[in-house]
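Enquirer: what follows is a protein structure lacking sequence information:
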């Protein structure tokens, strides 16, 4: 419940919208109550007057109650329509603010702070969980406030005619508006929570299946995944069926209480009419007014049965928001150094929750414009070095200086503006070629885009498309081959004129012909930049290239490739192994 209270506090900036929505909802309920009660009284009175004869008809003013009926009818329609607009406006504003807050928190957490989260789960928190929290105001907060205020007003109206009638009406409304929702909450808490958990798991599985479809088909794991999703779907349908049953019980209980209350009003009113304390038409007012009053509490049982799922969604949202950022940002960055050399001295880095060092005493210096090749097995520390340089991970010991300025004193965005990363996993967005290029340089003109495509050797392919730069690439670049997607990432790199270029396994899984063209394009992009190439292959390394070998977070070899190849160490063994594999 603490998370829901915290959620209510998020509505503070929209309190005027919320107050307006509740006021209009209250006006709708009271107008409906007044309409039905007055209509019943008017019709009954008109019937009595008609039976009384011509003299009574002349004495009765038809126009005032008729105007009252029209007034309540108009207010009911206008308040309901306007209330829906105001309620949804408040909700949409909250959802927009909550999504922005959540995304603003997700961005600095990535990648180290989200390493243990599945992509589908994060997508579910950003979309489905936030949407579910929007229902909290529309289905719980606003209806409950309207029901509470409306019940008091309607009970007071009845109390002016008969104190007992006011007490009975209030008792019926409290039973339907509090008792039934509490029963629905108790019955629906577990299935509602289960439904949220199952939807979350299914969403993560489906996203993973789409992203990993090639691997699932390659290893014949698709049937197992389909069976897993089918089981979750069947379990979800069972929970939803149970929730529908509970909703039916709540609706039926509300209707039963409404009818019982109306019957009680007939008994109370009937006795008062026979005793001469009420006019006969007032009995119709009490009966129909009691029935109309239950419109205020009718939505509550169905809303409260899903409260358990809403609490889980709130918990999942706030769990992300409350996470500690893995890299603390300084308030401001110092001035950009004139000489952009890198110097790492005794650097040790450990990821949160891990006991071992990902980088353990790294000493490394790079001059501006130098080209460095980093070799090592998976887990040796190569990617950790990149995370450190881009301030995706914080080092705990040692010193990292860029142009003599300590790296931790530079804000992440300012530091990353100096680097361009070309990774083995190219992120292509569903859109046009132009859209994907402008990610690197939003203000770039078409001429600059074509120059980048020429450098990446992709201009001929784009020219062949009927739409040119506006050709759609499909979901995750489905319309592009692996080589075309990789060259598109190179074109992005060409658009970003940064002093540092990091190449993370840039030619992985490319055929020899594509790889040759890719390396030629890389050579053009790398001119005048400090280049760090991360790889586990020796192909493409020149004899004079400086090579650094990582093992278990340490640098074990550092020097020209030709010298290391003949030194009898790791490079020598790796060269022999790859030569033997090439001959097979």
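Expert: Happy to help now that I have it. Keep in mind that what you see is a predicted model, and the values were worked out from it rather than measured. Numbers count the residues shown, from 1 in each chain.
Enquirer: only C-alpha atoms from now on, for both contacts and neighbour counts.
Expert: OK.
Enquirer: residue boundaries of the strands in the chain?
Expert: Remark: strands assigned in the chain by DSSP state E are 342-349, 359-366, 371-376, 397-402, 405-406, 419-423, 500-504, 530-535, 546-551, 554-560.
Enquirer: what lines up beside the second one in the sheet?
Expert: In the sheet containing strand 359-366, its partner strands are strand 342-349 (antiparallel), by DSSP bridges.
Enquirer: angle of the partner strand against strand 530-535?
Expert: On the basis of axes from the mean of the first three to the mean of the last three C-alpha atoms, to 10 degrees, strand 342-349 is oriented at 40 degrees to strand 530-535.
Enquirer: roughly how far out does strand 342-349 sit from the chain middle?
Expert: Strand 342-349 sits 37 Å away from the centroid of its parent chain (C-alpha atoms, centre = their mean, to the nearest Å).
Enquirer: kindly report the same for stretch 224-242.
Expert: Taking C-alpha atoms, centre = their mean, the mean C-alpha location of stretch 224-242 is offset from the chain mean by 23 Å.
Enquirer: contacts for it next, please.
Expert: The contact list for stretch 224-242, computed with C-alpha atoms under 8 Å, 6 or more residues apart in numbering, reads 191, 192, 194, 195, 198, 199, 201, 202, 205, 206, 209.
Enquirer: OK, contacts around the nearest residue to residue 431 once chain neighbours are set aside?
Expert: For residue 431, ignoring the flanking residues on the chain, the nearest one in space by C-alpha to C-alpha, 6 or more residues apart in numbering is residue 472 at 5.4 Å. Counting by C-alpha under 8 Å, 6+ apart, residue 472 touches 430, 431, 432, 433, 479.
Enquirer: in helices only, show me the residues you listed.
Expert: In this view, the contacts of residue 472 that belong to helices under DSSP state H are residue 433.
Enquirer: for the contacts of residue 472, which single residue is the most surrounded?
Expert: residue 433 (22 neighbours; other C-alpha atoms under 10 Å).
Enquirer: surely that one and residue 465 touch.
Expert: No. In terms of C-alpha atoms under 8 Å, residue 433 does not count as a neighbour of residue 465; the distance is 10.4 Å.
Enquirer: list residues touching both of these two?
Expert: Contact with both residue 433 and residue 465 is made by residues residue 471, according to C-alpha under 8 Å, 6+ apart.
Enquirer: so can I have a markdown table of the strands of the chain showing mean pLDDT, distance to residue 223 and mean neighbour count?
Expert: Below are the strands of the chain laid out as a markdown table (pLDDT from 0 to 100; distance: least, C-alpha to C-alpha, whole Å; neighbours: other C-alpha atoms under 10 Å):
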| stretch | mean pLDDT | distance to residue 223 | mean neighbour count |
| --- | --- | --- | --- |
| strand 342-349 | 92 | 41 | 19 |
| strand 359-366 | 91 | 41 | 18 |
| strand 371-376 | 88 | 36 | 22 |
| strand 397-402 | 92 | 48 | 18 |
| strand 405-406 | 90 | 52 | 17 |
| strand 419-423 | 86 | 32 | 21 |
| strand 500-504 | 87 | 34 | 22 |
| strand 530-535 | 87 | 35 | 22 |
| strand 546-551 | 89 | 39 | 22 |
| strand 554-560 | 88 | 43 | 18 |
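Enquirer: take these and lay them out in TSV including distance to residue 313.
Expert: Output for the strands of the chain, formatted as TSV (distance: least, C-alpha to C-alpha, whole Å):
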stretch	distance to residue 313
strand 342-349	34
strand 359-366	37
strand 371-376	42
strand 397-402	38
strand 405-406	41
strand 419-423	34
strand 500-504	37
strand 530-535	40
strand 546-551	43
strand 554-560	43
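Enquirer: to residue 84, which of the ones you listed lies closest?
Expert: Shortest distance between residue 84 and these, using C-alpha to C-alpha, is found for strand 419-423: 48.1 Å.
Enquirer: please name every helix or strand in contact with that closest one.
Expert: Helices and strands touching strand 419-423, by 3 or more C-alpha pairs under 8 Å, 6 or more residues apart in numbering; DSSP states H and E, are helix 482-495, strand 500-504.
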